[in-house]
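> sequence first, then the predicted structure, then my questions.
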Amino acid sequence: MTHMDRTGGRRVPSVMRAVWLVALLTISAAACGGSSKKAASGPGGSGGDGKGSGSVIYEDQKGGYGAGDVTADDGGTPPQDVEPVVDQPPPGDGAGKRPEAPRPEPLKPPGNDLTPGQKAAKVEAALKKGMGNLKGGNLDGAINEAKIALDADETAVEAMLLLAHAYYLKGGYDDKAEAILEIARKNPEGANKAILWMLLGLIYDRTPDGVREDLALSAYEKACDLKDDYVAAWTNRGAIYLERKRFADAVRAYEKVVSIQAQTPRGHTNLGSAYRGRSADFPSDPAQRDAFLQKAETELKTAMTQQPGYAPAYFNLGLLYLDADPYPGMTDDAGKLKRLTLAMKYLNEHRLKGGPKADPRVDEYVAVAQKQYDKEQKKQDLKRKREAEKKKEAAEKPQ
């Protein structure tokens, strides 16, 4: 897809691109509010901790950019625009020699007076300091260092990514961050950076009402294509699949997540939710259905083992037991009551561990589980009573 410069479609000379970028960095952008509405669903739904509970993230420790990725712009000095020469009229009546027009000063883009080596060193130093600020939470410091790098070299893709990343994390500057990323995207180096697509995905994903979720999914997929071990991109990609009930795709995404990073309660929880959803795809194949249900149980319990206080795992395990009827290994009368008891147990534990962040539907699901339990208990009591009556009648019959 071709993206034109915001100048009516005309390509901007390099010096003007520099001026435009500097101007862009000084304009106050409108806030882009809203948040993802993705969350774990109820019985029969997709489950998972969902993007509403925090799986829209950028926390991939292996990704990103650093001083080691900085490259110098050794392509020489970009073309320079100059002021037009204005002819001066001859003095007096025009007699005599016409004076020579003064030689104009060339307009220099920022950093044009630096040698390629000096430019590279300045960019690298600013990026190193800026990344330190970003990791330390000093977003304004990261923004300032990114601008210093761009002042030295307006084509420095790494500086654009750092700047966009800091603006995204700062909040309220999504429009500005997106505009910077679009500039970087036009550079082949930028278009091949996985983090560029990850950041674009996050910005699209944060658009209110999910109106750009398709773009977000495409961006996460592109990030994964460029960086196969990008945990955050696979996580967010899988969350959209879960919401859309594309359970087979969600399974592949989260199996990839846990294969890259085994110690991930979020990943195991979401994989458990994907397996639970996938089980519903086999209504006429009990063996396949049961296999996916048992895989779901294993993943959710793995998440609890890795992080005993991870509330979404308890919520999803409670939903698993509540929703899956019959449950493998719990098909007799005692098993049915055990399944509902486990559903209530894990839903109540979710409430305790989640505290104020507990899913607001947990009380509703506990009530549903209790109602089903009471109904099943009554049914079994009646069954036992009838069996006892039959035995009594048989014993009282004359031989």
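Good, I have the coordinates.

> longest single helix anywhere in this structure?
For the chain, the helix with the greatest residue count under DSSP state H is helix 362-396.

> for that helix, which positions count as buried?
362, 365-366, 368-369, 372-373, 376 (16 or more other CB atoms under 10 Å). Using the backbone N, CA and C atoms, a C-beta is placed for each residue, glycine as well.

> cool, and stretch 266-281?
266-280.

> now stretch 164-181
So for stretch 164-181, counting by 16+ other CB under 10 Å, buried means 164-169, 173-181.

> pretty sure Phe247 is touching Phe282, no?
No. Phe247 lies out of contact with Phe282 (CB atoms under 8 Å); the separation is 10.8 Å.

> the more surrounded of these two?
Neighbours per residue (other CB atoms under 10 Å) separate Phe247 from Phe282, with Phe247 holding more: 21 against 14.

> which element is the closest residue to that one other than its chain neighbours on?
Counting by CB to CB, 6 or more residues apart in numbering, Gly277 is the residue found nearest to Phe247 once chain neighbours are left out, at 3.8 Å. Using DSSP states H and E, the element containing Gly277 is helix 265-279.

> for that helix, packing partners?
Judged by 3 or more CB pairs under 8 Å, 6 or more residues apart in numbering; DSSP states H and E, the packing partners of helix 265-279 are helix 231-243, helix 247-260, helix 286-306, helix 311-323.

> ok and it relative to helix 231-243, angle-wise?
Between helix 265-279 and helix 231-243, the angle comes out at 30 degrees (axes from the mean of the first three to the mean of the last three CA atoms, to 10 degrees).

> give me the mean pLDDT for helix 265-279.
The average of the pLDDT scores along helix 265-279 is 98.

> over to stretch 308-322?
On average, stretch 308-322 scores 98.

> so which bits of it are buried?
Here stretch 308-322 shows 310-322 as buried, counting by 16+ other CB under 10 Å.

> how about stretch 327-335?
Buried residues in stretch 327-335 (16+ other CB under 10 Å): 327-328, 330.

> including pLDDT and distance to Ile260, could these go into TSV?
Below are these laid out as TSV (pLDDT from 0 to 100; distance: CB to CB, whole Å):
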residue	pLDDT	distance to Ile260
Tyr327	97	31
Pro328	96	29
Met330	97	34
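
> from the chain's centre, how far out does the helix holding Gly277 sit?
Relative to its chain's centre, helix 265-279 lies at 17 Å (CA atoms, centre = their mean, to the nearest Å).

> list the contacts for Arg289?
By CB atoms under 8 Å, 6 or more residues apart in numbering, Arg289 lies in contact with 279-280, 282-283.

> and if we set it to 6 Å?
279, 282 (CB atoms under 6 Å, 6 or more residues apart in numbering).

> quick check, pLDDT for it.
pLDDT, Arg289: 98.

> looks like Leu215 contacts Ile203 (just checking).
No. Leu215 is not in contact with Ile203 according to CB atoms under 6 Å; the separation is 9.2 Å.

> tell me which of these two has more neighbours.
More crowded of Leu215 and Ile203, by other CB under 10 Å: Ile203, with 23 against 15.

> okay, that one: pLDDT?
Looking at Ile203, the pLDDT reads 97.

> one more: Leu215?
Reading off the confidence values, Leu215 has pLDDT 98.

> then the one 3 residues further on?
Looking at Ser218, its pLDDT is 98.

> in three-state terms, label it for me.
Secondary structure, DSSP: H, G, I helix; E, B strand; the rest coil: Ser218 is helix.

> just to revisit the earlier point, what angle sits between the longest helix of the chain and helix 311-323?
Using the same axes, to 10 degrees: helix 362-396 against helix 311-323 is 30 degrees.

> going forward, count from 782.
Let's use 782 as the start, then, which means that last one is helix 1143-1177.

> now do helix 1143-1177, average pLDDT.
Confidence for helix 1143-1177, expressed as mean pLDDT, is 93.

> quick one, what contacts the nearest residue to Lys1138 once chain neighbours are set aside?
Leaving aside its sequence neighbours, Lys1138 sits nearest to Ala1092 (CB to CB, 6+ apart; 6.9 Å). Ala1092 sits next to 1131, 1134-1135 when contact means CB under 6 Å, 6+ apart.

> do Ser1060 as well
For Ser1060, the contact set (CB under 6 Å, 6+ apart) comprises 1070, 1073-1074.

> measure the residue nearest to Phe1028 to Phe1096 for me?
15 Å (CB to CB, to the nearest Å).

> same check on Gln1075?
For Gln1075 relative to Phe1096 (CB to CB), the value is 19 Å.

> one more: Lys1164?
32 Å.

> now Gly953
Distance check for Gly953 against Phe1096: by CB to CB, it reads 31 Å.

> same check, this time on Leu895
Going from Leu895 to Phe1096 by CB to CB gives 56 Å.

> same check, this time on Ala1061
For Ala1061 relative to Phe1096 (CB to CB), the value is 18 Å.

> show me where pLDDT drops low in the stretch 832-981 of the chain?
Scanning the stretch 832-981 of the chain for pLDDT under 70 picks out 832-893.

> what segments of it are helices?
Counting by DSSP state H, counting those that start in this stretch, the stretch 832-981 of the chain has helices at residues 897-916, 920-933, 938-951, 955-966, 969-972, 975-986.

> about what we covered before: compare the contacts of Ala1092 and tell me which is most surrounded.
Neighbour counts for the contacts of Ala1092 (other CB under 10 Å) peak at His1131, which has 25 neighbours.

> report the buried residues of the helix or strand hosting that residue.
Using DSSP H and E, His1131 falls within helix 1114-1135. Within helix 1114-1135, the residues that count as buried by 16+ other CB under 10 Å are 1117-1118, 1120-1121, 1123-1132, 1134-1135.
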